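In: sequence and predicted structure, then a few things I'm wondering about:
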Amino acid sequence: MRQASEVMDGPAVSRALRRIAHEILERNCGGRDVALVGLRTRGVYLAQRLTSEIAKIEKIELPVGELDTGFYRDDIGLAANPQVEKTEIPFDVNQKHIIVVDDVLYTGRTIRAAMDAVTDFGRPATIQLAVLVDRGHRELPIRPDYVGKNVPTSRKERVTVHLSELDGDEGVWIGEDETS
Amino acid sequence: MTELSSKDLLGIEDLSKGEIELILSTAESFAEVATRTIKKVPTLRGRTVVNLFLEPSTRTRTSFELACKRLSADVINISGPSSSAVKGESLKDTAKTIEAMHPDVVVVRHSAAGSARMLADLMAASIVNAGDGSHEHPTQALLDAFTIKKHLGCVAGLHVGIVGDIAHSRVARSNIAALTKLGAEVTVIGPPTLMPACIEDLGVRVSYDFDRAIGDLDVIYLLRIQLERQGRALFPSLREYSSLFGLNVRRLSLAKESAIVMHPGPMNRGVEISGEVADMDRAVITDQVANGIATRMAVLYLLVGGGETESAADQGR
């Protein structure tokens, strides 16, 4: 990556997550019947981070699921199939308010796949979307309910998210894509 | 590694260690689908799979059929007695006919070794070998490796004993290839008449004494004695085979506590395995069947994938 510029640093990521945690509680009556589903890989860590923030605020432990959308992609056979990781939803999604959590919202196709996957597990009361970064360029009528930061980008650029649990350092960077 | 190098799965011989590991880790993800109330994902929607089974098979065919259905693929079964093979159609013409129907995958079982390779050369569809004569049965070996990994944590460093008719067994050939590639030690055990010449060249040890070999094994893999081959008198009697190479409670007591017992099915109770052993918890034979579906889902997914390499996954979000 050349000339990556930082758009969020570690403390900014933490502050954004804390704010989203408050917003989730505000919009869902203090977190009753709320469950989080993180999209692999970084969405899972973000979902865990959000539940621990929520635990600090309301003293409740919300269930967290992990979802790989690989089975629900709309481009199977068009490109190399991505490696699919394990999906684990250890709770009943029926009648729950499901918050889908991902790091970057871009075309919206992954979220479409995630919604299909969640509804295969049951009929949630609502599905809501929390993302750390919304970079625009939607190809489907999908919008996030909770956003850490809106980052206007061009399609040529690449948004990189690092989380301390996985990458050691933490922050969001935007840079030119080497591959194109 | 995120994809297989070939459009077909003809044998374990052609796969690299990395490819085998990719299939096993993908199978891990697909195993979860069987635990859902709705056991179906839309992954291969609109794809057509032809199951061409020109030799009798129930478990392998049903396993592939279920794998296809759980992936939402359309599946057509063509099996021996009802196919035009009995009317004298050659395999080549059968291939051409099926090709004209534009399937994405053809799963083939045939009594002749090399038949899967022949179809792979003739057809644009991906060919999955579900057993060709006494050559290979790759998905069986993959599901066995997956089962071993699930029960014992890993395959590398384990000692696996394969017991029975090694000479006529495609399951043995594929398992030897898969297990040695994954770093296990393999000993083949059986009477000399059922042992092929130069089997040591495959990197295995040979034993003719099950009682002596059993104590070292982490996995005891019993092969089916093919009763239909008994006309050829490869051993004096079933009773003698059973007393020397059958696994009963007494013989199993010589094995490690942690050793698991496997069998590709169908079992001949009282011949290669006693009824009591077959019903023990350490006999993981029904797990093998369950894992077969997940492994075959992974194979179908990876074969239909293919295409250009670049990371669509990263860009598509």
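Out: Nice, I can see it. Numbers count the residues shown, from 1 in each chain, chains lettered A, B, ... in the order given.
In: angles on the backbone of the residue nearest to A:Phe121 when sequence neighbours are not counted, please.
Out: Excluding its sequence neighbours, the residue lying closest to A:Phe121 (CB to CB, 6 or more residues apart in numbering or on different chains) is A:Val93, at 4.7 Å. All C-beta spots, glycine's among them, are computed from the backbone N, C-alpha and C. When read as degrees, to the nearest 10, the backbone of A:Val93 gives phi -80, psi -10.
In: residues contacting A:Val93?
Out: A:35, A:118, A:121-124 (CB atoms under 8 Å, 6 or more residues apart in numbering or on different chains).
In: for B:Leu91, same thing?
Out: B:54, B:85, B:110, B:112, B:115, B:118-119.
In: report the two of the residues you listed separated the most.
Out: Using CB to CB, the two most remote members of those are B:Ala85 and B:Met118, lying 14.2 Å apart.
In: what segments of chain A are strands?
Out: In chain A, the strands defined using DSSP state E lie at A:2-9, A:34-39, A:64-67, A:97-105, A:126-134, A:146-150, A:157-162, A:171-176.
In: residue of chain A closest to chain B, please.
Out: Residue nearest to chain B within chain A: A:Asn81 (3.0 Å; CB to the nearest CB).
In: number of residues surrounding A:Ala21?
Out: 24 (other CB atoms under 10 Å in any protein chain shown).
In: how close does it sit to A:Arg27?
Out: 11 Å (CB to CB, to the nearest Å).
In: is stretch A:129-139 positioned near chain B?
Out: No: interface with chain B: stretch A:129-139 contributes nothing (CB under 8 Å from any CB of the partner chain), its closest point being 9.1 Å away.
In: how long is that stretch end to end?
Out: 16 Å (CA to CA, to the nearest Å).
In: now that stretch: how far from the chain's centre is it?
Out: The chain centre lies 9 Å from the centre of stretch A:129-139; the measure is CA atoms, centre = their mean, to the nearest Å.
In: next: stretch A:90-107.
Out: Counting by CA atoms, centre = their mean, stretch A:90-107 comes out at 8 Å from the chain centroid.
In: who in the stretch 1-150 of chain B is up against chain A?
Out: Listed as neighbours of chain A in the stretch 1-150 of chain B under the rule CB under 8 Å from any CB: B:2-3, B:22, B:25-26, B:28-30, B:32-33, B:36-38, B:40-44, B:47.
In: how about the closest residue to chain A within the stretch 151-300 of chain B, what does it touch?
Out: Closest residue of the stretch 151-300 of chain B to chain A, CB to the nearest CB: B:Ala298 (8.6 Å). Neighbour list for B:Ala298: B:23-24, B:26-27, B:29-30 [criterion: CB under 8 Å, 6+ apart].
In: buried sites along the strand or helix carrying it?
Out: Per DSSP states H and E, B:Ala298 falls inside helix B:285-305. Buried residues in helix B:285-305, counted by 16 or more other CB atoms under 10 Å in any protein chain shown: B:285, B:287-305.
In: now that helix - C-alpha only, CSV.
Out: Once non-C-alpha atoms are left out, helix B:285-305 reads as follows in CSV (Å, rounded to 0.1, in the frame of the first residue of the first chain):
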residue,chain,number,x,y,z
ILE,B,285,-18.3,-45.5,11.7
THR,B,286,-21.5,-43.4,11.7
ASP,B,287,-19.5,-40.3,12.2
GLN,B,288,-17.7,-41.2,9.0
VAL,B,289,-21.1,-41.2,7.2
ALA,B,290,-22.1,-37.8,8.7
ASN,B,291,-18.7,-36.3,7.8
GLY,B,292,-18.9,-37.7,4.3
ILE,B,293,-21.7,-35.2,3.5
ALA,B,294,-19.7,-32.2,4.7
THR,B,295,-16.5,-33.3,2.9
ARG,B,296,-18.4,-33.8,-0.3
MET,B,297,-20.0,-30.4,0.0
ALA,B,298,-16.6,-28.9,0.4
VAL,B,299,-15.3,-30.7,-2.7
LEU,B,300,-18.2,-29.6,-4.8
TYR,B,301,-17.9,-26.0,-3.6
LEU,B,302,-14.2,-25.9,-4.3
LEU,B,303,-14.5,-27.5,-7.8
VAL,B,304,-17.3,-25.2,-9.0
GLY,B,305,-15.4,-22.2,-7.6
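In: flag the shaky bits of chain A, pLDDT-wise.
Out: A:1-3, A:79-80, A:178-180 (pLDDT under 70).
In: what parts of it come near chain B?
Out: So chain A meets chain B at A:68, A:70-73, A:75-88, A:102, A:104-107, A:109-110, A:116-117, A:120-122, A:179 (CB under 8 Å from any CB).
In: pick out the residue nearest the middle of the chain.
Out: Went with chain A since none was named. Centroid check for chain A by CA atoms, centre = their mean gives A:Asp102 as the closest residue, at 1.1 Å.
In: sorry, I should have been clearer: chain B.
Out: B:Gln140 (0.9 Å).
In: chain A versus that one, what's the distance?
Out: B:Gln140 is 22 Å from chain A, where distance means CB to the nearest CB, to the nearest Å.
In: tell me which element the closest residue to that residue other than its chain neighbours is part of?
Out: Counting by CB to CB, 6+ apart, B:Val171 is the residue found nearest to B:Gln140 once chain neighbours are left out, at 5.2 Å. For B:Val171, the element it lies in under DSSP H and E is helix B:170-181.
In: what is the burial count for residue 38?
Out: No chain was given, so I picked chain A. 26.
In: switch to chain B, that's the one I care about
Out: When neighbours are counted by other CB under 10 Å, B:Ile38 comes out with 11.
In: which SS class is it?
Out: coil (DSSP: H, G, I helix; E, B strand; the rest coil).
In: hmm, it is touching A:Thr119, no?
Out: No: the criterion here is CB atoms under 8 Å, and B:Ile38 misses it with A:Thr119 at 9.6 Å.
In: where does pLDDT dip in chain B?
Out: Using pLDDT under 70, chain B drops low at B:81-86, B:229-232, B:305-317.
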